[in-house]
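Trainee: below is the structure, and that's it, no one-letter string:
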């Protein structure tokens with residue numbers, strides 16, 4: 001069977017959910033003054049982020065996010081962004097931006 005280039009256009013690509021850029025972009029859409037509960041395995045910012053991406057049955061445990069059909073390791077900065085206070089989406093966004101602008105070691 002010959003390859004039809006139109007088939008490639010039909011394939012949707014999804015940003016890697018554990019990259020800082022897509023997470024920061026999601027935080028930018030949250031109400032800045034909305035508070036969140038960091039210790040909720042199903043309702044913390046990371047769980048809400050993965051749910052917004054279409055994952056179901058999301059549960060966050062230290063260093064890992066589980067969802068229907070799988071799990072993935074989380075980079076350290078997910079905790080840095082969500083754990084530190086104040087715990088509002090605006091403050092989390094500021095921490096994400098600071099990490100993105102930090103010089104590489």
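Mentor: On my side now, so go ahead. Keep in mind it's a predicted model, so treat the numbers as computed, not measured.

Trainee: going forward, measure contacts between C-alpha atoms and count neighbours the same way
Mentor: Will do.

Trainee: test my guess that residue 95 contacts residue 81.
Mentor: Yes - here residue 95 reaches residue 81: they are 5.5 Å apart, a contact under CA atoms under 8 Å.

Trainee: which of these two has more neighbours?
Mentor: Shown here are residue 95 and residue 81; by other CA atoms under 10 Å, residue 81 has more neighbours (23 against 19).

Trainee: over to that one. Which of the three states is it?
Mentor: Look at residue 81: counting by DSSP: H, G, I helix; E, B strand; the rest coil, its state is helix.

Trainee: show me what contacts residue 30?
Mentor: 89, 90 (CA atoms under 8 Å, 6 or more residues apart in numbering).

Trainee: distance of it relative to residue 58?
Mentor: The gap separating residue 30 from residue 58 is 19 Å, by CA to CA, to the nearest Å.

Trainee: count the neighbours of residue 63 for me.
Mentor: 13.

Trainee: find the nearest non-adjacent residue to it, please.
Mentor: With sequence-adjacent residues excluded and distances taken as CA to CA, 6 or more residues apart in numbering, residue 63 is closest to residue 74, at 5.0 Å.

Trainee: mind listing what's buried along the lengthiest helix in the chain?
Mentor: Longest helix of the chain, by residue count under DSSP state H: helix 89-101. For helix 89-101, a neighbour-count test (16 or more other CA atoms under 10 Å) marks 89, 90, 91, 92, 93, 94, 95, 96, 97 as buried.

Trainee: nearest to residue 23 among those?
Mentor: Relative to residue 23, the closest of the buried residues of helix 89-101 is residue 96; by CA to CA it sits at 8.2 Å.

Trainee: per-residue pLDDT, that closest one?
Mentor: pLDDT for residue 96: 97.

Trainee: and the residue most central in space within the chain, what does it touch?
Mentor: Among the residues of the chain, the one closest to the centroid is residue 23, at 4.1 Å (CA atoms, centre = their mean). Shown in contact with residue 23 (CA under 8 Å, 6+ apart): 17, 49.
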